[in-house]
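K.L.:
I would like the atomic coordinates for the input below:
(chains A, B and C)
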Amino acid sequence: MATDNFSIDDIFKRALNKTSIFKDRNVLRSDYIPDKLYFRDEQIRIVAETISPVLHGARPSNMFLYGKTGTGKTAVAKYVFSKLSQIALSKSIGVRFAYVNTRMAGTEYRVLYEIARDFNIPVPHTGLALSEIFDRIFKNLSRDRFSGLIILDEIDFLVKSHGDDLLYELTRANERLSGVFISLVGISNDLTFKEYLDPRVLSSLSEEELVFPPYTAEELKVILADRIRLGFQPNVFTEAALNLAAALAAAEHGDARRAVDLVRVAGEIAERKNLAFVDEEQVREALLKIDQDRLVDALRSLPLHSKLVVLSVAGLKDNVSTGAVYNNYSQLCKKLGIPELTTRRVSGLLNELSMLGIVSAETVSLGRQGRSKRPKLLIPLTTVKAVFSNDPVLFDLVKYVEDYVE
DNA sequence: CTTCCACAGGAACCAGCGGACC
DNA sequence: GGTCCGCTGGTTCCTGTGGAAG
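P.N.:
Numbering: from 1, shown residues only, chains lettered A, B, ... in the order given. The predicted structure follows:
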């Protein structure tokens, strides 16, 4: 092989020398907590003041933080906790911190498991009774003279799916502890979930309440400018692109997390295209890409029967009843030679799909024609086909749907 | 005004699983 | 090895219901 003007070393050398438009990609991740939180001084102050009694061994009030997604609730809570834990550590004050996202955790057991783990209490990740984990947490706190501060993020999820039993136990934990205590910081982006709470739990949890307003476009601009300064090489991200990203995110209820995502993805698009700048065009592309990616992921990770329901809806005209969808669905099951689920279950799957925004499931009543949902595909048919064509089980059925829709 | 359709969706229950405890 | 635990993902049975047709 003639290698006069080609050497593998050159390739690597070029790759090494190639300067990225990114300076530090990590600061552009949406879970990154910056050193400085803009426009949240007031909230930080209130949270810190509420929690601070812990430093002289008194029980702080429970808190409840409320605000839309991406308004800094989690960031503020974690920020204050991390500062506090540094101080507590240096002064050897007996307090431990736990953070649990109850939606990620999923079940009551996992929530308790994560609390125990953050408190450095060894517990098995399954197999115990809930009351047993409670006992172990309380025993450890009492024995080691540690109090516990717990952040329960997305607490509305826990309550909606599992009720408030666990919260009830946690709020009255202090009756069982002596000398030490447990305090809670609940975080939610949905205020209506309070209706699900036992009044005793509600009054206990809401000893202190704090609302996080959405960021304005101007505020988002400052936040983004700061991240861009840290995350990108100088003069890469144009002013116009910054303005657009801030405006787009502000239009979506001032969600800072989404704004940062937008900036990062726009940068990745520019990098892939070997551009020296990130401009408005890449921000617009990023907006589309983020939506598209989320959709494809959601679709792909659906369980088999949910996918079949999606296909059934996709294969029908609009304005068709649940019954028709079910018929279509059981046809598909027959073609695959798998047993079909009951109507009750399919109705449930339809509701799940509607919560994911894949299918709308508005119920309408047509008098003597009965009462039913009008399932309708909310996403482009082409996306459904594209995703399912790559599915080892479903790719044959996609063709069938195409025929059906004529 | 009453009837009655075609479902919605709550409640109770079940099987199977992975795993801890003794 | 037997017993208990909680979770998932179902089933069965059931009552509830908006509004056009009669």
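
K.L.:
which bits of the stretch 101-250 of chain A sit near DNA strand C?
P.N.:
By C-beta under 7 Å from any atom of the strand, the residues of the stretch 101-250 of chain A that approach DNA strand C are A:Gly106, A:Thr107, A:Glu108, A:Tyr109, A:Arg110, A:Thr126, A:Gly127, A:Leu128, A:Ala129, A:Leu130, A:Ser131, A:His162. For every residue, glycine as well, the C-beta is placed using N, CA and C.

K.L.:
For the residue in the stretch 251-400 of chain A positioned nearest to DNA strand C, grab the count of nearby residues.
P.N.:
As assessed by C-beta to the nearest atom of the strand, DNA strand C sits closest to A:Gly367 within the stretch 251-400 of chain A, at 1.9 Å. Residue crowding around A:Gly367 was assessed by other C-beta atoms under 10 Å; the count is 6.

K.L.:
quick check: longest helix of chain A.
P.N.:
For chain A, the helix with the greatest residue count under DSSP state H is helix A:280-300.

K.L.:
Flag every buried residue along it.
P.N.:
A:Glu280, A:Glu281, A:Gln282, A:Val283, A:Arg284, A:Ala286, A:Leu287, A:Lys289, A:Ile290, A:Leu295, A:Leu299 (16 or more other C-beta atoms under 10 Å).

K.L.:
quick check, nearest of those residues to A:Ser203?
P.N.:
Nearest to A:Ser203 among these is A:Ile290, at 40.2 Å by C-beta to C-beta.

K.L.:
Mind telling me which residue of chain A is nearest DNA strand B?
P.N.:
Residue of chain A nearest DNA strand B, by C-beta to the nearest atom of the strand: A:Gly370 (1.7 Å).

K.L.:
How about the contacts made by that residue?
P.N.:
Applying C-beta atoms under 8 Å, 6 or more residues apart in numbering, one finds that A:Gly370 lies in contact with A:Ser321.

K.L.:
Over to A:Thr322?
P.N.:
Each residue near A:Thr322 by C-beta under 8 Å, 6+ apart is listed here: A:Thr343, A:Val346, A:Ser347, A:Leu350, A:Ser372, A:Lys373, A:Pro375.

K.L.:
and the closest residue to A:Gly57 other than its chain neighbours, what helix or strand is that in?
P.N.:
In space, A:Gly57 comes closest to A:Ile93 once its chain neighbours are excluded; the distance is 7.4 Å by C-beta to C-beta, 6 or more residues apart in numbering. Following DSSP states H and E, there is no helix or strand that holds A:Ile93.

K.L.:
swap in the one 10 residues further on?
P.N.:
Of the helices and strands defined by DSSP H and E, A:Arg103 is found in helix A:102-105.

K.L.:
Give me the contact status of the helix or strand following that helix with DNA strand B.
P.N.:
Moving toward the C-terminus from helix A:102-105, the next helix or strand (DSSP H and E) is helix A:108-118. No: against DNA strand B, helix A:108-118 shows no contacts by C-beta under 7 Å from any atom of the strand, the least distance being 9.0 Å.

K.L.:
list the helices and strands helix A:108-118 packs on?
P.N.:
Counting by 3 or more C-beta pairs under 8 Å, 6 or more residues apart in numbering; DSSP states H and E, the packing neighbours recorded for helix A:108-118 are strand A:95-101, helix A:102-105, helix A:130-144, strand A:147-153, helix A:155-162, helix A:165-171.

K.L.:
looking at the ones you listed, which has the lowest confidence?
P.N.:
Least confident of the helices and strands packed on helix A:108-118, judged by mean pLDDT, is helix A:155-162 with a mean of 84.

K.L.:
CA-only coordinates of that helix in PDB, if you can.
P.N.:
This file holds the C-alpha atoms of helix A:155-162, laid out as PDB (Å, rounded to 0.1, in the frame of the first residue of the first chain):
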ATOM      1  CA  ILE A 155     -43.400  13.800  45.500                       C
ATOM      2  CA  ASP A 156     -46.700  14.100  43.500                       C
ATOM      3  CA  PHE A 157     -45.700  11.000  41.700                       C
ATOM      4  CA  LEU A 158     -45.300   9.000  44.900                       C
ATOM      5  CA  VAL A 159     -48.600  10.200  46.200                       C
ATOM      6  CA  LYS A 160     -50.600   9.700  43.000                       C
ATOM      7  CA  SER A 161     -49.400   6.200  42.400                       C
ATOM      8  CA  HIS A 162     -49.000   4.800  46.000                       C
END
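
K.L.:
by contact count, what packs against it?
P.N.:
Going by 3+ C-beta pairs under 8 Å, 6+ apart, helix A:155-162 lies up against helix A:102-105, helix A:108-118, helix A:165-171, strand A:182-188.

K.L.:
Give the buried residues for it.
P.N.:
Quick answer for helix A:155-162 (16+ other C-beta under 10 Å): A:Ile155, A:Asp156, A:Phe157, A:Leu158, A:Val159, A:His162.

K.L.:
and which of the residues you listed is nearest A:Ile358?
P.N.:
Of all those, A:Ile358 sits closest to A:Phe157, with 19.3 Å by C-beta to C-beta.

K.L.:
For A:Gly163, see how far away A:Phe157 is.
P.N.:
Remark: distance between A:Phe157 and A:Gly163 (C-beta to C-beta, to the nearest Å) = 12 Å.

K.L.:
go on, A:Thr102?
P.N.:
Distance of A:Thr102 to A:Gly163, computed by C-beta to C-beta: 12 Å.

K.L.:
between the two, who's got more neighbours?
P.N.:
Ranked by neighbour count (other C-beta under 10 Å), A:Thr102 and A:Gly163 place A:Thr102 first, with 26 against 14.

K.L.:
ok, that one touching A:Lys160?
P.N.:
No: proximity of A:Thr102 to A:Lys160 does not meet the contact threshold set by C-beta atoms under 8 Å, at 10.0 Å.

K.L.:
Just the residues contacting stretch A:66-81, thanks.
P.N.:
Outside stretch A:66-81, the residues within contact range by C-beta under 8 Å, 6+ apart are A:33-34, A:37, A:39-40, A:43-44, A:47-48, A:51, A:65, A:97, A:99, A:149, A:151, A:153, A:185, A:187-189, A:191, A:209-215, A:249, A:253-259.
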